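Colleague: Okay, sequence plus prediction incoming.
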Amino acid sequence: MINKLSQQIIDRYQKGFPLSPTPFKVMANELDVSEQEIIDCVESLQQTDVVSRVGPVFNHKKAGASTLVAIAVPEHLLSDVAEMVNEFKEVNHNYAREHHYNLWFVVTATDSKHLEQTLWSIRKKTGYPILNLPMEKSYHIDLGFKLNWN
Amino acid sequence: MTTHLNEGQQQALKCAIQEGLPIDSRPYLVLANIIGGSEEAVIHCIEKWIGSGLIKRFGIVVKHHSLGYTSNAMVVWNVSDEIVDELGEQIKQSGLVTLCYRRPRRLPDWNYNLFCMIHGKNRDQVLAQLDELIESCQLKDVEHDVLFSYKQFKQCGGRYHNLEKANSHG
């Protein structure tokens, strides 16, 4: 169960984590608890896998090259192909979706040449044609959205 | 010590923070010691990256799945090129989606050019949100498809900065 302090920390600090030498102390003052309580709470949120990390979300466009890829795979082979794809360290999100194109993943690389090479290798390794759907324009990205605790 | 980091230190800092800050009373000092710079310079550099937009958000990164947000649908639309940007903005304004992108069509296999993502605690909640979106942005007659996810094979932050290093070692 998520306790009150955890909720407060998440609600307040999905963005705007303090850039002070003692950020957890700043949070402690703001939330009226001790610094140690904040540190323990954040550590426990990470250990229980509620929080993956405290840190930056880089802008994909500015930090390198990335694209969304889809493959149509026979259902009984989906896990095997997904595993093949996961072996590429350039793949960071990989989902099964309800569609003829049922395997969807994001590929990120240092630059466009490296990205093309990776896509070529994935095509070769899996043996399936791929849909390469790079972002042309971003209207909105907000995975730090307000959570509903009920 | 200087308040600026050189190119190599900046690269090392990117590498060090992409997996998350150390949970320590002085996290920036720990990072400074790793990369061989000052605490002040580390903070200054992160501030600069946030200002330039290289870092679009700096804070707690939640695993939505662990908090019960187990349902997510990618909704894809076939919108005429003339109005796609306007519609993208409208969808963003609705506040009902977490992501909204334009991507290329790949005819004849794929004819959708506008993508958005709806997150919710269950399928019904996501579908109700989609209905609301269709209503508020007048999307009733726009060809679309709803792709619910049903299995997560991998989820982690993009790792650009250690790739280079990894490649240069073979």
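Modeller: Thanks, I have it.

Colleague: hey, where'd the helices end up in chain B?
Modeller: Assigned by DSSP state H, the helices in chain B fall at B:7-18, B:27-35, B:39-52, B:84-94, B:123-136, B:161-168.

Colleague: Let me see the domain layout of chain B.
Modeller: Using automatic domain parsing, the domains assigned to chain B come out as B:7-52, B:68-148.

Colleague: Output the residue of chain B whose distance to chain A is smallest.
Modeller: Relative to chain A, the nearest point of chain B is residue B:20 (2.9 Å; CB to the nearest CB). In short, each C-beta sits where N, CA and C put it, glycine included.

Colleague: out of the domains of chain B, deepest packed?
Modeller: domain B:7-52 (a mean of 18; mean count of other CB atoms under 10 Å in any protein chain shown).

Colleague: Start and end of that one, how far apart?
Modeller: Distance between the two ends of domain B:7-52: 16 Å, counting by CA to CA, to the nearest Å.

Colleague: Next up, the contacts around residue 67.
Modeller: By default, I'm working from chain A. Counting by CB atoms under 8 Å, 6 or more residues apart in numbering or on different chains, residue A:67 makes contact with A:106, A:107, A:115, A:119, A:132, A:133, A:134, A:135.

Colleague: not quite, I wanted chain B
Modeller: A:2, A:50, A:147.

Colleague: Please report the distance of the first one from residue A:148.
Modeller: Distance from residue A:2 to residue A:148, counting by CB to CB, to the nearest Å: 12 Å.

Colleague: Neighbour-wise, which one of the contacts of residue A:67 leads?
Modeller: Among the contacts of residue A:67, residue A:107 has the most neighbours (other CB atoms under 10 Å in any protein chain shown), with 25 neighbours.

Colleague: Torsion angles phi and psi at the closest residue to that one other than its chain neighbours?
Modeller: Closest residue to residue A:107 apart from its sequence neighbours, by CB to CB, 6 or more residues apart in numbering or on different chains: residue A:90 at 5.1 Å. Per-residue torsions, residue A:90: phi -80, psi -10 (degrees, to the nearest 10).

Colleague: Count the residues that sit near residue A:90.
Modeller: Using other CB under 10 Å, residue A:90 has 25 other residues around it.

Colleague: In this structure it contacts residue A:110, no?
Modeller: No. Judged on CB atoms under 8 Å, residue A:90 makes no contact with residue A:110 at a distance of 9.2 Å.

Colleague: Tell me where the longest helix sits in chain A.
Modeller: Across chain A, the helix with the greatest residue count (assigned by DSSP H) is helix A:112-126.

Colleague: got a list of what the residue of chain B closest to chain A touches?
Modeller: A:46, A:52, A:53, A:54, A:55, B:61.

Colleague: closest to residue A:71 among those?
Modeller: Taking CB to CB as the measure, residue A:71 sits nearest to residue A:52 out of the contacts of residue B:20, at 25.6 Å.

Colleague: What are the phi and psi values at the residue of chain B closest to chain A?
Modeller: Torsion angles, degrees, to the nearest 10, at residue B:20: phi 110, psi 150.

Colleague: Skipping its backbone neighbours, what lies nearest residue A:48 in space?
Modeller: Per CB to CB, 6+ apart, closest to residue A:48 is residue B:66, 7.3 Å.

Colleague: Nothing else from me, thank you.
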